[in-house]
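Q: Make a model of this:
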Amino acid sequence: MHRLLREQESQLEHLREEVVLAGQPQAMRWLKAGKRWLDELLRHYVTPALYFCLLPLLWPGQTLGKRLLGLRVQELSGKPMTLMLGFRRFGGYAAATVTGGIGLLQILWDPNRQGLQDKTAHTVVIDVRGQQPPAPALQATPQENSSLD
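A: Predicted structure coming up:
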């Protein structure tokens, strides 16, 4: 009886190993598909979102390209960029791309030179190359009058 029980346990263990081996290729396919999905998500959404939403907070209203070209994004009211404006502009870029790029080309005929991303976020891109940074406030400093000595 014990011998029969041991044989059945051995057969059961063998069947379990076969099930595990049979399931591995399917599991590997799912893992590879999941890794591909995460890579695509990072490449197409997360990295651009960080670039277009966070960089303009570090460099007020500028991404690397805008900084090199002397351009800056600001709200139509003149307020500086916020994280929410960055996300709205990023969504506008997505919408402009979905239209076959026409939303991006809109700057060519729009009187305010706004693309779909600017219209979505109520922003405008301004040229800051000719602008000087605001001058520091003058402080009254005591002057020595050497002629009275």
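Q: low-scoring stretches of the chain, by residue?
A: Applying pLDDT under 70 to the chain flags residues 20-24, 132-149.
Q: Show me where it has its helices.
A: Secondary structure of the chain (DSSP state H): helices at 2-41, 47-53, 55-58, 64-69, 83-98, 102-105, 116-121.
Q: Which of those helices sits closest to Ser77?
A: In terms of CB to CB, the element of these nearest to Ser77 is helix 83-98, at 10.9 Å. C-beta coordinates here come from the backbone N, C-alpha and C atoms, glycine included.
Q: packing partners for the closest one?
A: In this structure, helix 83-98 packs against helix 47-53, helix 55-58, strand 71-75, helix 102-105, helix 116-121, with contacts taken as 3 or more CB pairs under 8 Å, 6 or more residues apart in numbering; DSSP states H and E.
Q: Spit out the contact partners of the residue nearest the centre of the chain.
A: In the chain, the residue lying closest to the centroid (CA atoms, centre = their mean) is Ala49, at 1.3 Å. By CB atoms under 8 Å, 6 or more residues apart in numbering, the contact set of Ala49 is 87, 90.
Q: Tyr45 and Phe87: what is the separation?
A: 12 Å (CB to CB, to the nearest Å).
Q: cool, and Thr47?
A: 15 Å.
Q: Of the two, which one has the most company?
A: Each of Thr47 and Phe87 has its neighbours counted (other CB atoms under 10 Å); Phe87 has more, 14 against 11.
Q: how far away is the closest residue to the more buried one other than its chain neighbours from Gly34?
A: With CB to CB, 6 or more residues apart in numbering as the criterion, Phe87 has its nearest non-adjacent residue at 5.4 Å, and that residue is Cys53. The gap separating Cys53 from Gly34 is 26 Å, by CB to CB.
Q: Compare those two and say which one has the larger neighbour count.
A: Neighbour count, other CB under 10 Å: between Cys53 and Gly34, Cys53 has more, with 20 against 10.
Q: Quick one: residues contacting the more buried one.
A: 83, 86-87, 89-90.
Q: Distance to His14 for the helices and strands packed on helix 83-98 - can I get that in CSV?
A: Converted to CSV, those look like this (distance: least, CB to CB, whole Å):
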stretch, distance to His14
helix 47-53, 48
helix 55-58, 58
strand 71-75, 66
helix 102-105, 62
helix 116-121, 61
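Q: Could you single out the most deeply buried of these?
A: Across the helices and strands packed on helix 83-98, averaging neighbours per residue (mean count of other CB atoms under 10 Å) puts helix 116-121 on top, at a mean of 22.
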